[in-house]
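Participant: Return atomic coordinates for the entry below.
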Amino acid sequence: MGKSRRTGNHYPHVQPSRKSLKKIKDRVTEQTGRYTTIVPLDDVISEVNSTLRGWVGYFHIRNCSKSLEEVRGHVEQRLRTQLCKRHKVRDRKTGYARFGNRVLYEKYGLYKVPTSSGWTKAHASR
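Facilitator: The predicted structure is shown next:
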């Protein structure tokens with residue numbers, strides 16, 4: 001149970017376990033490893049997207065935005081590193097400038113992990 005900072009009421013705080021977060025991060029790291037630079041980028045991104053959609057579909061519950069933000073940041077960083085290796089960009093600052101978040105999502109089609117739920121409460125009167 002967690003306590004709301006805003007209202008002071010208690011609520012059931014549900015989030016993925018540390019083990020589950022580690023597993024999804026390890027899987028994305030494996031899919032975007034150095035040896036995959038010879039694999040076409042579209043195949044790498046579609047594999048990562050498929051993994052993310054499945055994991056998010058299972059774990060996207062009401063109040064786990066910090067966990068989802070952590071996964072999203074890891075995926076963005078791994079894909080950015082993959083692109084830097086492919087395009088021989090050595091400087092991290094240049095990599096961030098050249099492959100920003102907008103480029104990752106719009107140009108390359110990376111699945112954007114939602115960090116907040118689409119609903120506020122599950123209530124019968126709404």
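Participant: can we go C-alpha only for contacts and neighbour counts from here?
Facilitator: Fine.
Participant: Show me what the top helix by length along the chain is packed up against.
Facilitator: For the chain, the longest helix by residue count, based on DSSP state H, is helix 65-86. Under the contact criterion of 3 or more C-alpha pairs under 8 Å, 6 or more residues apart in numbering; DSSP states H and E, helix 65-86 touches helix 18-31, helix 92-98.
Participant: what's in contact with it?
Facilitator: 15-16, 21, 24-25, 28-29, 32-34, 37, 56, 60, 90, 95-96, 99, 101, 104, 112-117 (C-alpha atoms under 8 Å, 6 or more residues apart in numbering).
Participant: ok, 7 Å please
Facilitator: 25, 28, 29, 32, 37, 90, 95, 99, 113, 115, 116 (C-alpha atoms under 7 Å, 6 or more residues apart in numbering).
Participant: Against residue 78, how distant is the fourth one?
Facilitator: Computed with C-alpha to C-alpha, to the nearest Å, the distance linking residue 32 and residue 78 is 6 Å.
Participant: Next: the second one.
Facilitator: Taken as C-alpha to C-alpha, the spacing of residue 28 relative to residue 78 amounts to 8 Å.
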